[in-house]
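K.L.:
using only what follows, build the 3D model:
(one chain, ligands or ions: 1)
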Amino acid sequence: MSFMYSAVVVYFAFCSKFSVAISCDFDGTNTVADFNDTKFLGTWHELERTTFQWGENTWHSQVWVFKRGADGHLYMAYTGYSAQSKSCSSPQTGLLTHSGSGASYTLMSEGRYEAALRVAYTDYSNVALVYMCYAPEVLGTCDRNRVHVSLLSRSPSMSKAQRTILMSHIDLECVENGHLHQATSGLCQEPIPSIPLGK
Ligand SMILES: *[C@@H]1O[C@H](CO)[C@@H](O)[C@H](O)[C@H]1NC(C)=O
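P.N.:
Have a look, this model is predicted:
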């Protein structure tokens, strides 16, 4: 176990230079009861989000498009504006597979990474609250630096009342109101999903 011990020490020595690791009970959060993924299909604009994972480089104007493939699977295409490159990323498409119960998924993005995605709340036609974890841990926890919380809307704007509803549903205890930051919206076009054709 001495190897593991030193690995842990090195990890914390490295990470503590930036911030203390805070563990979030990711899998312990609520998801939408009787989630109907068909009603969730279509376009979502990310209007506010946390910036734990990428800090200043967190994308603006994210647009997500959910679509069902001919294979019956659920796909998510996404793009966003990088302030560094001053452009929108080329659309990327991820495969969503159910993991656990409720609106809980694993997002496999073009073989690049696997993230956990949970729809915490939605009314389907206007707004949604989504949690992502870019490094899900075996125990269902997630280091806060790997957490991403999204306030989404069908249109590139959201009313105060809608925002209040979404904020009231945030049940990730490691996330506070002040962690949500407004994104500039309307810079990127809807991504076109590149999903495998049915056989
Ligand atoms: C899900 O929503 C679709 C579209 O509104 C509807 O046709 C379908 O019956 C719903 N499925 C369930 C299980 O309620």
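
K.L.:
show me where the chain has helices.
P.N.:
Chain-ordered helices for the chain, with DSSP state H as the definition, fall at 2-15, 37-40, 160-169.

K.L.:
low pLDDT regions in this protein?
P.N.:
Using pLDDT under 70 as the threshold, the predicted model of the chain has low-confidence ranges 1-19, 111, 197-199.

K.L.:
near the ligand, which residues of this protein?
P.N.:
36, 38, 39 (CB under 6 Å from any ligand atom). Heads up, the C-betas are built off the backbone N, CA and C, glycines and all.

K.L.:
I'd assumed residue 66 was in contact with the second one.
P.N.:
No. Because the distance of 9.6 Å does not satisfy CB atoms under 8 Å, residue 38 is recorded as not touching residue 66.

K.L.:
looking at the chain, what residue ends up closest to the ligand?
P.N.:
Scanning the chain for proximity to the ligand using CB to the nearest ligand atom identifies residue 36 as nearest, at 3.7 Å.

K.L.:
contact partners for that residue?
P.N.:
With contact taken as CB atoms under 8 Å, 6 or more residues apart in numbering, residue 36 is in contact with residue 124.

K.L.:
would you mind measuring from it to residue 168?
P.N.:
The gap separating residue 36 from residue 168 is 22 Å, by CB to CB, to the nearest Å.

K.L.:
how about residue 24, nearest residue that isn't a chain neighbour?
P.N.:
Leaving out its chain neighbours, the residue that sits closest to residue 24 by CB to CB, 6 or more residues apart in numbering is residue 174, at 3.9 Å.

K.L.:
is it true that that neighbour touches residue 21?
P.N.:
No. Taking CB under 8 Å as the contact criterion, residue 174 and residue 21 are not neighbours in contact, 10.6 Å apart.

K.L.:
so what sits against both of those two?
P.N.:
Jointly contacting residue 174 and residue 21 under the rule CB under 8 Å, 6+ apart are residue 144.

K.L.:
which one's more surrounded, those two?
P.N.:
Set side by side, residue 174 and residue 21 give different neighbour counts by other CB atoms under 10 Å, the larger being at residue 174 (18 against 13).
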